[in-house]
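Visitor: coordinates only, sequence not included:
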């Protein structure tokens, strides 16, 4: 899914997902490849449109647009590869998915003010809403990222339970990741939106 520049940048940053078969065994001799793919599907086999193309965004849109945004965030993401891998292993989530959400939500923390968004409502690399969750730890700490990814996996598990006949792609595509309640979700179309397509393309 990634252009060569973005591909090699992300490889250097977080290693590979299981879907990148030639590089699976070179990522780490200490961890089984499964931990790089995670327990929620192989993102390299999932179809995505990338970020939405509309009249206001005809250049930086689609898969290439998402790749461009991910590339722009690579420098800001450099402090976090080990953290992302460790948290991904703990929650059995592909590190590429975590990195992609961080890129989408906070551009690697580069747009935050002391860990908060401009409105002072969302906190941390993955931007947990303080009106729904009580943030723990400092904004770029392992403690806080564990909390945020835990929220993500709890949400996916809730969707898996509610929609047991859906496939793994539909379960992973649940969005928004950090909003409360899944009552409004009825069909797969309810979870297949710009946010998810952008995240998958970045990942």
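Guide: Arrived safely, thanks for sending. As the structure is a computational prediction, the values presented were derived from the model and not from experiment.
Visitor: Give me the buried stretch members for the longest helix that the chain contains, please.
Guide: As assigned by DSSP state H, the longest helix anywhere in the chain is helix 142-162. Buried positions in helix 142-162, judged by neighbour count with 16 or more other CB atoms under 10 Å: 142, 144-149, 151-153, 155-156, 159-160. The way it works is simple: take the backbone N, C-alpha and C, and place the C-beta from them, glycine included.
Visitor: swap in stretch 112-122?
Guide: 112, 115, 116, 117, 122.
Visitor: residues in contact with residue 104?
Guide: Shown in contact with residue 104 (CB atoms under 8 Å, 6 or more residues apart in numbering): 69, 195, 198, 199, 202.
Visitor: Inside strands: which ones of those?
Guide: For the contacts of residue 104, membership in strands holds for none, with DSSP state E as the criterion.
Visitor: hang on, the earlier thing: list the ones among the buried residues of stretch 112-122 that fall in helices.
Guide: Those of the buried residues of stretch 112-122 lying in helices (DSSP H): none at all.
Visitor: need those residues in a markdown table with distance to residue 95 and pLDDT, can you?
Guide: As requested, the buried residues of stretch 112-122 are exported to a markdown table (distance: CB to CB, whole Å; pLDDT from 0 to 100):
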| residue | distance to residue 95 | pLDDT |
| --- | --- | --- |
| 112 | 21 | 97 |
| 115 | 21 | 97 |
| 116 | 25 | 97 |
| 117 | 23 | 96 |
| 122 | 22 | 95 |
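Visitor: can you list these in TSV and add distance to residue 103?
Guide: Formatted as TSV, the entries for those read as follows, by distance: CB to CB, whole Å:
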residue	distance to residue 103
112	13
115	16
116	18
117	15
122	15
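Visitor: Let's see which of those residues end up in strands.
Guide: residue 122.
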